[in-house]
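Participant: Prediction below, plus the sequence it came from.
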2 protein chains.
Amino acid sequence: MTGYVKDDLDLEEVERQKALYGPFAQSVRELVDVAIRTTVDDDEIRRAQGEIEAIVSRLRTSQLDGPYGVRFGAEGRGRPWGNTVVGLRNGAAPPLVIDHDDTGRAWSDFHLGAAYEGPPGLVHGGVSALLLDQMLGEAAGAGGKPGMTGTLTLVYRRGTPLGDLRAESWIERSEGIKTWAKGHIIGPEGVTVEAEGVFILPRWARAALERQDPDKPTPSYFE
Amino acid sequence: MTGYVKDDLDLEEVERQKALYGPFAQSVRELVDVAIRTTVDDDEIRRAQGEIEAIVSRLRTSQLDGPYGVRFGAEGRGRPWGNTVVGLRNGAAPPLVIDHDDTGRAWSDFHLGAAYEGPPGLVHGGVSALLLDQMLGEAAGAGGKPGMTGTLTLVYRRGTPLGDLRAESWIERSEGIKTWAKGHIIGPEGVTVEAEGVFILPRWARAALERQDPDKPTPSYFE
């Protein structure tokens, strides 16, 4: 597997980078939001575009060849900072901050704004699927049964309004390399979307787990 | 339904706005990408953050109170410009440009970069779900059977590599207000993810279709 990069950052350096890149990515999120909603005049839009292009040029003078991947340090915990759902550095990610316990439960309180709209005023049905895929995968990993998504089924009970929301997930059962997880999104009027998925431990990760390979992360979740 | 705003823009004005906001949102997408990948020094990150915050402040001096919704003009076609998958003004959207025919087939060729990563180098499984939800909904709408997602099932055949991809979708069958649609994503090595969904025409839209209400859009798809 490419993309799992062992960089041996110590915890202090990881914290320093979080403090740098977290607020930076947050400014990008704000820009994504206002780019949808702004009603300033055309000249102001063009001026902003020119300035953004100049910033992009400066930031591209030194960059990774490809995506961020998952980097991990001396202590073995992965940093999926480009991840579409939880990525600290990803301006397209809400990002979700997900809590877990070691029985395989996960939960997250979060806010979705204009960038996550499908039907007017509602969360895009596919965004609910995106977030629940991550939530179910994290529940499986939290319970010691990590895997990549094999199947995922969503049942939409009612529209999910944009705004403050909660997601919860848990392991339903597990057999060998397969784990069944469930979860849902809760809006102001109750559960809006339910999900069930099967998560399967990939072959390379089985080998890494068995060997405790120091050059591979201890898998916790894969997405 | 709130959020469907009839603004009576004529086609010329719609084209003018596309030419303005399309390149502007593209600059925001570039910024999202490089914010994940840049390796410039800390001072440069902080300088970029300050500049982005200043741009955001200027753009927020005049903005919509909430999300973009779906606006539609004299000719009745909706403009879902904030939509997470296809939104012209959404820097978090790839955005997909989706072709259709009136038999209920839809297809799209697109590129996914660093912002859509789950496992290292691979498209987030939930992003595949997000895109396929839109694709299936558009197939249903293209075939004259629009609806909101009722259920959606994804089967993951292999990892989907980041890069150039194609999605295809079609109506499988239809009964009254329910339409079953299928679709898949195709990578360099073939089909990576398959989807099946049921799309249901909401009650308010049934009424609008029957009345041909001039203050509601002719529904084509809902997400």
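Facilitator: On my side now, so go ahead.

Participant: Show me chain A divided up by domain.
Facilitator: Per the record, chain A has its domains at A:1-95, A:98-211, by automatic domain parsing.

Participant: Out of those domains, the one nearest B:G78 is which?
Facilitator: Distance to B:G78, taken as Cβ to Cβ, is lowest for domain A:98-211 among the domains of chain A, at 9.4 Å. Where C-beta positions appear, they are placed from N, C-alpha and C, glycine not excepted.

Participant: and the domains of chain A, which is most packed in?
Facilitator: Highest mean neighbour count of the domains of chain A: domain A:98-211, a mean of 21 (counted as mean count of other Cβ atoms under 10 Å in any protein chain shown).

Participant: Is it positioned near chain B?
Facilitator: Yes: where contact is defined by Cβ under 8 Å from any Cβ of the partner chain, part of domain A:98-211 touches chain B, namely A:113-122, A:124-127, A:129-134, A:137, A:148-156, A:159, A:162.

Participant: Can you classify the residue in chain A sticking out farthest from the centre by secondary structure?
Facilitator: Distance to the chain centre peaks in chain A at A:D43, reaching 35.4 Å (criterion: Cα atoms, centre = their mean). Three-state call for A:D43 (DSSP: H, G, I helix; E, B strand; the rest coil): helix.

Participant: Need the pLDDT of it.
Facilitator: For A:D43, the pLDDT comes out at 98.

Participant: Check the one 4 residues further on too.
Facilitator: Predicted confidence (pLDDT) at A:R47: the value is 98.

Participant: right, and the domains of chain A - which one's nearest B:Q49?
Facilitator: B:Q49 lies closest, by Cβ to Cβ, to one member of those: domain A:1-95, at 4.7 Å.

Participant: packing partners for the biggest strand by length in chain A?
Facilitator: Assignment by DSSP state E gives strand A:163-175 as the longest strand of chain A. Helices and strands touching strand A:163-175, by 3 or more Cβ pairs under 8 Å, 6 or more residues apart in numbering or on different chains; DSSP states H and E, are strand A:105-112, helix A:125-142, strand A:178-187.

Participant: Touching the shortest one from outside, list them.
Facilitator: The list of residues contacting strand A:105-112 from outside it, by Cβ atoms under 8 Å, 6 or more residues apart in numbering or on different chains, reads A:94, A:96-100, A:123, A:127, A:131, A:135, A:138-139, A:142-143, A:162-171, A:183.

Participant: can you do 7 Å?
Facilitator: Around strand A:105-112, the neighbours that count as contacts under Cβ atoms under 7 Å, 6 or more residues apart in numbering or on different chains are A:94, A:96-100, A:123, A:135, A:138-139, A:142, A:162-170.

Participant: would you list the helices and strands packed on strand A:163-175 in JSON lines and tack on mean pLDDT?
Facilitator: As requested, these are arranged in JSON lines below (pLDDT from 0 to 100):
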{"stretch": "strand A:105-112", "mean pLDDT": "98"}
{"stretch": "helix A:125-142", "mean pLDDT": "96"}
{"stretch": "strand A:178-187", "mean pLDDT": "97"}
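
Participant: Export the ones you listed to TSV and append columns for distance to A:Q17.
Facilitator: Listed next are the helices and strands packed on strand A:163-175 as TSV, based on distance: least, Cβ to Cβ, whole Å:
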stretch	distance to A:Q17
strand A:105-112	22
helix A:125-142	22
strand A:178-187	30
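
Participant: I'd like to know which of those is closest to A:I200.
Facilitator: Among the helices and strands packed on strand A:163-175, strand A:178-187 comes nearest to A:I200, with 5.6 Å by Cβ to Cβ.

Participant: so what does that closest one touch, helix or strand wise?
Facilitator: Of the remaining helices and strands, those touching strand A:178-187 by 3 or more Cβ pairs under 7 Å, 6 or more residues apart in numbering or on different chains; DSSP states H and E are helix A:125-142, strand A:163-175, strand A:190-200.

Participant: Tell me the gap between the shortest one and the middle of its chain.
Facilitator: Right, the one you point to is strand A:190-200. Relative to its parent chain, strand A:190-200 has a centroid offset of 16 Å by Cα atoms, centre = their mean, to the nearest Å.

Participant: got the angle between that strand and strand A:178-187?
Facilitator: In terms of direction (axes from the mean of the first three to the mean of the last three Cα atoms, to 10 degrees), strand A:190-200 departs from strand A:178-187 by 160 degrees.

Participant: what's the average pLDDT for strand A:190-200?
Facilitator: For strand A:190-200, mean pLDDT rounds to 97.

Participant: what packs against that strand?
Facilitator: helix A:125-142, strand A:148-156, strand A:178-187.

Participant: Which strands and helices lie in contact with the longest helix anywhere in chain A?
Facilitator: Longest helix of chain A, by residue count under DSSP state H: helix A:11-37. Judged by 3+ Cβ pairs under 7 Å, 6+ apart, helix A:11-37 is in contact with helix B:11-37, helix B:42-59.

Participant: Determine how far that helix lies from the middle of the whole chain.
Facilitator: That offset, for helix A:11-37, works out to 14 Å (Cα atoms, centre = their mean).

Participant: next one: stretch A:178-195
Facilitator: With Cα atoms, centre = their mean, you get 17 Å for stretch A:178-195.

Participant: Could you export it as PDB, keeping only the C-alpha atoms?
Facilitator: The C-alpha trace of stretch A:178-195 is given here as PDB (Å, rounded to 0.1, in the frame of the first residue of the first chain):
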ATOM      1  CA  LYS A 178     -16.200  -9.000   8.400                       C
ATOM      2  CA  THR A 179     -17.900  -6.500  10.700                       C
ATOM      3  CA  TRP A 180     -21.500  -5.300  10.400                       C
ATOM      4  CA  ALA A 181     -22.000  -1.700  11.700                       C
ATOM      5  CA  LYS A 182     -25.000   0.500  11.900                       C
ATOM      6  CA  GLY A 183     -25.600   4.200  12.500                       C
ATOM      7  CA  HIS A 184     -27.800   7.200  11.900                       C
ATOM      8  CA  ILE A 185     -28.000  10.900  11.600                       C
ATOM      9  CA  ILE A 186     -30.200  12.800  14.100                       C
ATOM     10  CA  GLY A 187     -31.800  16.200  13.300                       C
ATOM     11  CA  PRO A 188     -34.000  18.500  15.300                       C
ATOM     12  CA  GLU A 189     -37.000  16.100  14.700                       C
ATOM     13  CA  GLY A 190     -35.200  12.800  15.300                       C
ATOM     14  CA  VAL A 191     -33.500  10.200  13.100                       C
ATOM     15  CA  THR A 192     -33.400  11.300   9.500                       C
ATOM     16  CA  VAL A 193     -31.200   8.700   7.800                       C
ATOM     17  CA  GLU A 194     -30.200   5.100   8.900                       C
ATOM     18  CA  ALA A 195     -27.200   3.200   7.600                       C
END
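
Participant: I appreciate the help and will end here.
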